[in-house]
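>>> give me the fold of what follows.
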Amino acid sequence: MTSRKILIPPFFSAVLLAGGTAFASPPAPPAIAKIAGTALPAVVDIESIDPMKPKSPSGAATKPGDGRFQKTATEKADTGTLIVPPRAEQALGTGFFVSPKGYIVTNHHVIAGASEIKVTLHDGQIFTAKLIGADKKADLAVLKINTGRPLPYLHFGDSSKLDLGDWVVAIGNPFGLGFSVSAGVVSALHRDIDSGPYDNFIQTDAAINRGNSGGPMLDANGHVVGVDSAIYSPSGGSVGIGFAIPSSMVKPVTESLIAHGAMTRGWAGLRIEDVSQDMEQAWHLKSSDGVVVGGVVEDGPSAGKLAPADVITAINDHPIDDVHAFKVALAEIPAGQTARMHYQIGGTLHDAAITVAVPPKSPKPEAQSTATPEPPKPEVIAALGVGVMTHPGAQGVIIVSVDKDSAAARAGLHPDSLIEAVGPDFVTTPKALRDHLAHKHAAALLVDGPQGTSWISVSLGKPVKAAKSG
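Predicted coordinates for the structure are as follows:
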């Protein structure tokens, strides 16, 4: 996991009463004992056996389920065998029931690579759990045990209603000591700690330690608003900076894993980018919040409903500030469901109902024949001075060669880079690229290269006419 030191400047706030001399009393904490007493029977300890893994370096943002104890399955190899069994260790974490049928939510990193998963209930009973499904990108997994009886379970709350300073309760298995309860407040929302593509963590000062991974974060009503997943700690213990995956992500992923064994996220068929200051001024926007539609995939879910230059400000009533927030909001919507997108164009507000679809797959290779096929030849794009080929997954046009002293070479384009779009228009074939460059003196290309995806401006010189088809 990539580590990044997060500095949170302290701040102080006071609310003056109508005389200006007295301070408002802070809100009283909820009945933590009652919340814990109700929730504890639905929380479980999780032990998984997997191969030895290196520990996280000190000072890093770590996943508290990585608190592994050197309990080896075999301290010494059996001298009567020829194959030495690999050394194993016990990974300790937490989980909680979300159904009376025995479905358990935990973190993916708690059970990743496990050959065996043991679950200990609050009353001490131990069961072997079955992995139902996992979503590595969201760091979530669902297990199941069979006890022959209905089990106590927790209900999800609405993490979008959390505010800074709200009380929360964390329950887990810190350092393998057993069930433990801690309380604190919401310190920050929408934290991105570079742990995955959909980081949107709730930060809390409730004590979260190694072994707490997968445990529930509860609101004042005892509802699950998050799954404890990571900590920032120079020492390996709690320093008051813990992170939880919000229930807005946990709930749809859990439902999908239980129903289908996997999470298939919806695809809207859009290319989006942050609203720049130039856009904000030119379009007379009130702020730079939102994302601007840069392109719409032909025949995709958004075709005919959204268009380039539309500024999306919310999805399903959740505000969208930037590209990352858009990706997170869309990642919470399984394929086949509807995303209500609020957008503005020309200062007017509109709504669009987009039924997100399964992302398109790369075409399957054709069956090989006995004859050796001739390799496809690249097509020349004279305006750029490149040879290109269609990407096998129809994601763009691959640059195969770059002519010396060409427009592409001067712009810094390299072979093996992928041209995805010309301005607001996606291109998936050499012909489409050639057509979109026709009659242009310059073009902005969206290029996926060695340094990632970026916009590259290319000066084309004399306009090139589009080639006639046929």
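>>> for the rest of this, base every contact and every neighbour count on C-alpha atoms.
OK.
>>> pLDDT-wise, which helix or strand of the protein ranks last?
None of the helices or strands of the chain scores lower by mean pLDDT, DSSP states H and E than strand 68-69, at a mean of 38.
>>> how close does residue 172 get to residue 383?
Residue 172 sits at a distance of 61 Å from residue 383 (criterion: CA to CA, to the nearest Å).
>>> residue 36: what secondary structure?
Three-state assignment for residue 36 (DSSP: H, G, I helix; E, B strand; the rest coil): helix.
>>> just residue 234 next, same as before
What three-state DSSP gives for residue 234 is coil.
>>> for this protein, which helix is longest?
The longest helix of the chain (DSSP state H) is helix 247-260.
>>> re the thing from before, which helix or strand lies directly C-terminal to the least confident helix or strand of the chain?
Once the chain leaves strand 68-69, the next helix or strand it forms, by DSSP states H and E, is strand 88-97.
>>> gap between the very next helix or strand once past that following strand and the chain center?
If you walk from strand 88-97 toward the C-terminus, the next helix or strand you reach (DSSP H and E) is strand 103-106. With CA atoms, centre = their mean, to the nearest Å as the basis, strand 103-106 stands 19 Å off its chain's centre.
>>> got the CA positions of strand 103-106 in CSV?
Only the C-alpha atoms of strand 103-106 are listed here, as CSV (Å, rounded to 0.1, in the frame of the first residue of the first chain):
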residue,chain,number,x,y,z
TYR,A,103,-23.2,-13.6,5.8
ILE,A,104,-20.2,-11.7,7.1
VAL,A,105,-18.6,-8.5,5.8
THR,A,106,-14.9,-7.9,6.3
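>>> and it, what other elements does it pack with?
In this structure, strand 103-106 makes packing contacts with strand 88-97, strand 140-144, judged by 3 or more CA pairs under 8 Å, 6 or more residues apart in numbering; DSSP states H and E.
>>> can you put those strands in CSV and add distance to residue 252, mean pLDDT and mean neighbour count?
Putting the helices and strands packed on strand 103-106 into CSV (distance: least, CA to CA, whole Å; pLDDT from 0 to 100; neighbours: other CA atoms under 10 Å) gives the following:
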stretch, distance to residue 252, mean pLDDT, mean neighbour count
strand 88-97, 15, 79, 28
strand 140-144, 11, 96, 26
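>>> those: which one's closest to residue 455?
For residue 455, the closest of the helices and strands packed on strand 103-106 is strand 140-144, at 33.8 Å, according to CA to CA.
>>> name the residues that touch the closest one?
Contact partners of strand 140-144, identified using CA atoms under 8 Å, 6 or more residues apart in numbering, comprise 102-109, 129-135, 250, 253-254, 257-258.
>>> next one, pLDDT for the closest residue to residue 138 other than its chain neighbours please.
Spatial nearest neighbour of residue 138, excluding adjacent residues (CA to CA, 6 or more residues apart in numbering): residue 198 at 6.6 Å. We have a pLDDT of 88 for residue 198.
>>> residue 198: which element?
Going by DSSP H and E, residue 198 is not part of any helix or strand.
>>> return the residues in contact with it.
137-138, 324, 327-328, 331 are the contacts of residue 198 under CA under 8 Å, 6+ apart.
>>> how about a cut-off of 10 Å?
Going by CA atoms under 10 Å, 6 or more residues apart in numbering, residue 198 touches 137-139, 192, 245, 249, 324-332.
>>> check residue 420 too.
Per CA under 10 Å, 6+ apart, neighbours of residue 420: 271, 391, 394-398, 426-429, 433, 445-448, 453.
>>> out of these, which sit inside strands?
271, 397-398, 426, 445-448, 453 (DSSP state E).
>>> name the helices or strands packed onto the longest strand seen in the chain?
When the chain is scanned for its longest strand (criterion: DSSP E), the result is strand 180-191. Counting contacts by 3 or more CA pairs under 10 Å, 6 or more residues apart in numbering; DSSP states H and E, strand 180-191 is packed against helix 32-39, strand 167-172, strand 201-204, strand 216-218, strand 242-246.
>>> adding mean neighbour count, write those out as CSV.
Below are the helices and strands packed on strand 180-191 laid out as CSV (neighbours: other CA atoms under 10 Å):
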stretch, mean neighbour count
helix 32-39, 16
strand 167-172, 28
strand 201-204, 26
strand 216-218, 30
strand 242-246, 29
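>>> which of those sits closest to residue 387?
The minimum distance between residue 387 and the helices and strands packed on strand 180-191 falls on strand 201-204, with 44.1 Å, by CA to CA.
>>> that closest one pairs with which strands?
Paired strands of strand 201-204, with direction, are strand 180-191 (antiparallel), strand 242-246 (antiparallel) (DSSP bridges).
>>> which of these is buried the deepest?
Most buried of the strands paired with strand 201-204 by mean neighbour count (mean count of other CA atoms under 10 Å) is strand 242-246; its value is a mean of 29.
>>> out of the contacts of residue 198, which is most surrounded?
In terms of neighbours by other CA atoms under 10 Å, the contacts of residue 198 top out with residue 245 at 29 neighbours.
>>> contact partners for that residue?
107, 138-140, 159, 190-191, 198-203, 214, 216-217, 225-230.
>>> mind giving me the domain ranges of this structure?
1-263, 270-355, 379-459 (automatic domain parsing).
>>> end-to-end on the shortest one?
Same thing as domain 379-459. First residue to last in domain 379-459 (CA to CA) measures 20 Å.
>>> what's the average pLDDT for that domain?
For domain 379-459, mean pLDDT is 85.
>>> same question, the second one
Domain 270-355 carries an average pLDDT of 87.
>>> for residue 377, give its distance to residue 430.
Residue 377 sits 12 Å away from residue 430, going by CA to CA.
>>> just residue 142 next, same as before
Taking CA to CA, one finds residue 142 at 44 Å from residue 430.
>>> and residue 121, by the same measure?
Using CA to CA, residue 121 is found at 60 Å from residue 430.
>>> so between the two, which is more surrounded?
More crowded of residue 121 and residue 430, by other CA under 10 Å: residue 430, with 22 against 19.
>>> so the more buried one sits against residue 383, correct?
No - taking contacts as CA atoms under 10 Å, residue 430 lies outside contact range of residue 383: 11.9 Å.
>>> with adjacent residues omitted, what lies nearest to residue 214?
With CA to CA, 6+ apart as the criterion, residue 214 has its nearest non-adjacent residue at 3.9 Å, and that residue is residue 106.
>>> that neighbour - how many residues pack around it?
Using other CA under 10 Å as the criterion, residue 106 is surrounded by 31 other residues.
>>> I'd like to know the beta-bridge partner residues of it.
Going by DSSP bridges, residue 106 forms beta bridges with residue 141.
>>> check contacts around the residue nearest to residue 442 when sequence neighbours are not counted.
Nearest residue to residue 442, sequence neighbours excluded (CA to CA, 6+ apart): residue 459, at 4.4 Å. By CA under 10 Å, 6+ apart, the contact list for residue 459 reads 383-384, 406-408, 410-411, 440-444.
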